[in-house]
Structures are given as structure tokens and as C-alpha cells.
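Participant: structure for this input, please:
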Amino acid sequence: MDEFDIAVIGAGPAGVTAALRGAERGARVCLIEQDRIGGSCFRKGLYPAKAVMALIEAVPSENGSVDVRKFFKSIDEFGESLSQSWRSKLDDWGVQTCHGRAVLSSPTLIQVETPQGSKEVFAKKIILAIGSHPTSLPNLPFEGESIVPIDDALQSDRVPATVLILGAGPRGCELATLFNRLGSKVFLSDQTPRLLTDQDPDVADFIEGALKKQKIKLLLNKRLVSYYKNSNLFDISLEGGVKFQVEKIVLNMKREGSVSGLDSERLGLRLGEGKEVLVNETLETSVPGIFAAGSVIGRTAFAGLSEEEGRVAADSALGKAKPHNADWVPFIVHTRPEIATVGCFAEEAHHKGFRAVEGRFEAKSLDYALVEEGASGFFKVAADKKSGTVIGVQLVSPRASELISLVLLAMKKGIKVGALASLTGDGFSEVQGIREAAKACSRALKSQAKVR
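Facilitator: You can find the predicted model right below:
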């Protein structure tokens, strides 16, 4: 029997990150995956969305439109290359990978069904990173390539002329942008009255305006009333008498934890209503010694959060527990332009014990906007009125996803807004936007201090 300090089940972003973190800490780690390294995230869904968008730009045809055949071939090639890259990192750190289906016999014993037969893996601690899967609506079941979950939206090598995406959120916005860029007429519908309801209202306003400018039809605060398949098209009826036809329907609805093989009742593993694995603040489950990370714990899946949870779960499994701080995980949406936020925004700051003051700077006023036609977006910095510490940043710009890590590092160091206002860098870049927003915030702080 093979014996390890940690066994990680599932080799998606959360699982691979947990395995690497454990190995970096000196633990003997086994990573079990029944598919290839990277799990299904490289072949399904939009992970990583930024790379997919970059592939669109890399494979245009002579008339300027996207060469669809080359595009989907590039996605497969990219996924395979990334899988091999992750496998090399795991090998370099001495992580033992095991290809097979894992079945938990006990909190320390795993039965792995491999192509060569069954084997047992003993581990002092176990981390579940087994992911989640999308669900359909009771009145709208999945149907071949016509009605598909968002995970399978890119599984076809044909781009629909018209597509309805039911359920917005970050992934819905990304997919709408992607299909629009591929040449589809896109309808994006959601039952909520706004997009990205948990973000700064200015961010929501901007993304709604940006999608509309791209001719994406937003149908918010609308519920599906009925659909009827008419030859190769669907007749769609939404609340409010909205009617139209589409060729394809993509469902971005609720997800369920992929826990079918866990035998959770026998193990005493507590699950939520959506079959998510319930965890505490250190990501330990109801079974001592078993931890969980990634979308299986019941939240919207995106790579940055999954990776952070993987690190926290590995640290906790090795007795270096620390609470998971979601405020220090960037929220990123790969639309055009990109959205990246971290910390809290001014309107919610009082819920977290702050009195916020903010500064804003428009992207159109940046120097680079003079040469980048149509430059749009904004930069916002929020600081605590009492301490002057930066508590949140919201970026809407072409390279927001690349800049947000810089801001996060500064926030973790407890940077004051005045120090962020002195940020140096190429004046002909988006860094200038962060600096100017910080300056505006600093001026607002001084102005309010004078009033007192």
C-alpha cells in the first residue's frame, strides 16, 4: 500500500494547486485524477477565458473574421499543452500522480480503480477537489448540441448564428463576449435586474453598456416562459411578451457538487442542498482530516478562487491552518474590456467595519488612450476614512486582469492611499490610471479631513 501525507482527489485548478502547495511544504503528496491533469476544465467551460479570447485574435482569416476550424483546433492544442505543463510542475516537485477513479473507503484510505486494476492509497489527510457540474431547468432539459450546459458551450466545432445564454454572472458575460466575437447574434438573459449584482454598481453599469455596444441583447429581470422547437430553431418566450428565435440555448444555471462517488452518508460527510461539500473557515469538512476546495464546496467556479482554496486546504491539512479570506482573491471577468476587482467597494464598506472614501479616473483621460482608439473603462480606489488604508480597487480596462495582482500585493502589505498615489511605472500605460485614481482618493480624504 502506498502511504502519503496528503492525497488530493481531482486535478483541476484547486487540486493541482493543493498538491503543489503540499509538496512545497515538504509533504509526500499523491494526486488522483480519472481524466488528464487539468481535469475537464481544459476541454469544457471557459478556462482559462483570457487564453480563449487571445486565441480568437491569433487565428483570423483573410477577411478579418475568425477561422472557426482553426480556433477550435487551437483550443484543443492549448488545453493539451497546459496539461503537459502542469504535469511537468507536479513531477518537478515530486508529486506522485495516479490515473484512476477514486473511492473513499475511510477518512484515510482510498481505493483507486486504474486501467491496470485496483490499488489502495493511504493518506493522513485527504483533500477533495472533485469539482461540480451544471444542472438544467425542470422545463428545459439538455438536448444534444442544441440545449447545452455552459461547460459544453465550446464542445461543438460550429458557431451558431444565434444563441441564447440563460443565466448571466461572470461566465455568462464572458461567453456572450466570446460568441459575439465569433460572429453569433447573442441574447443574454437573467432573472436578476442587473449584471454582476455583488460588484460595485459602477462596474455593473459599465459592463451592461459595453455589452450593448457590442450588439449583445441584454434581457434582464426576465424569466423563461416557454420554448418550442421549430425545425432547427427555438421559438423563445420570456416574461414581458419578449419573443425571438435562436439556434442554440446555453444554460448557465445552478451547479451541483460532483459527489456521486463519495458515499457521503456512510462517511458522515455533510452536504448542502446543492450537493456541495460543507466546510468550515479552514476548509475542513464535517469529517476530521478530510478537506475540500474548488467549486465542490458550492460557489461560482473561477480559477483564481479555486487556486487560493487549494493553497488554504493544503496548509490546513498540514496543521498550518489559516482562515480563508475571500476579500483577497481578485474577481476577474474576461470581457472587452476586462473587469478586475479586489477588496470591497465604497457602498459596501460599512458592512465590513470601514468608512470609505473613493477616487475615480476615466480611462479615456489616460495618455495611452490617445493611440488606442476607443479606449474605455475606469479605475477606482477606495480607502478607509480613518486610517487611509486602501480597502478596495476596481479596474475596468483592457489589461485589468494583469494589474490587479499588483494592487492585491500592495493591499496585503497595508498600503496607504498616499503611497499608491506615488506608484511609478510607464506613464504610457494603465498603471497611470491606478495612480490617478489613488490621487483622487487621497484628495477626497484630505478634503473631508478639513471639513472635520
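Participant: how distant is the helix or strand of the chain with the lowest mean pLDDT from the center of its chain?
Facilitator: Least confident helix or strand, the chain: helix 49-58 with a mean of 73, by mean pLDDT, DSSP states H and E. Averaged C-alpha coordinates place helix 49-58 at 16 Å from its chain's average position (C-alpha atoms, centre = their mean, to the nearest Å).
Participant: on the C-terminal side of it, identify the next helix or strand.
Facilitator: Sequence order places helix 68-92 as the next helix or strand after helix 49-58, per DSSP states H and E.
Participant: what packs against the least confident helix or strand of the chain?
Facilitator: Judged by 3 or more C-beta pairs under 8 Å, 6 or more residues apart in numbering; DSSP states H and E, helix 49-58 is in contact with helix 68-92, helix 169-182. Every residue, glycine included, has its C-beta placed from N, CA and C.
Participant: tell me which of those sits most buried.
Facilitator: helix 169-182 (a mean of 23; mean count of other C-beta atoms under 10 Å).
Participant: just how off-centre is it within its chain?
Facilitator: With C-alpha atoms, centre = their mean, you get 13 Å for helix 169-182.
Participant: and that helix with helix 68-92, angle?
Facilitator: Angle between the axes of helix 169-182 and helix 68-92 is 140 degrees (criterion: axes from the mean of the first three to the mean of the last three C-alpha atoms, to 10 degrees).
Participant: mean confidence for helix 169-182?
Facilitator: Mean pLDDT, helix 169-182: 91.
Participant: buried stuff in the following helix or strand past it?
Facilitator: Helices and strands here follow DSSP H and E; after helix 169-182, the next one along the chain is strand 185-190. By 16 or more other C-beta atoms under 10 Å, the buried positions in strand 185-190 come out as Lys185, Val186, Phe187, Leu188, Ser189, Asp190.
Participant: now swap in stretch 126-133 and tell me
Facilitator: Ile126, Ile127, Leu128, Ala129, Ile130, Gly131, Ser132, His133.
Participant: who touches the last one in this structure?
Facilitator: Read it as His133. Going by C-beta atoms under 8 Å, 6 or more residues apart in numbering, His133 touches Pro149, Asp151, Arg255, Glu256, Ser258.
Participant: quick check: mean pLDDT of the biggest strand by length in the chain?
Facilitator: Secondary structure of the chain per DSSP state E: the longest strand is strand 117-128. The pLDDT scores in strand 117-128 average 94.
Participant: pull out the buried positions in that strand.
Facilitator: Result for strand 117-128 [16+ other C-beta under 10 Å]: buried residues Val121, Ala123, Lys124, Lys125, Ile126, Ile127, Leu128.
Participant: ok, the residue lying closest to the last one once chain neighbours are set aside to Arg255 distance?
Facilitator: Put plainly, it is Leu128. Distances taken as C-beta to C-beta, 6 or more residues apart in numbering put Ala292 closest to Leu128, at 4.2 Å, once the chain neighbours are dropped. Per C-beta to C-beta, to the nearest Å, Ala292 is found 15 Å from Arg255.
Participant: for the two, indicate the residue with more neighbours.
Facilitator: Ala292 (29 against 23; other C-beta atoms under 10 Å).
Participant: and stretch 41-54, end to end?
Facilitator: 17 Å (C-alpha to C-alpha, to the nearest Å).
Participant: and what of stretch 248-256?
Facilitator: End-to-end distance of stretch 248-256: 23 Å, with C-alpha to C-alpha as the criterion.
Participant: now stretch 150-166
Facilitator: 9 Å.
Participant: closest to the centroid, which residue in the chain?
Facilitator: Residue closest to the average C-alpha location in the chain (C-alpha atoms, centre = their mean): Phe302, at 1.9 Å.
Participant: between the buried residues of stretch 126-133, which is closest to Gly100?
Facilitator: For the buried residues of stretch 126-133, the minimum distance to Gly100 (C-beta to C-beta) is 13.5 Å, reached by Ile130.
Participant: distance of that closest one from Phe234?
Facilitator: Taking C-beta to C-beta, one finds Ile130 at 33 Å from Phe234.
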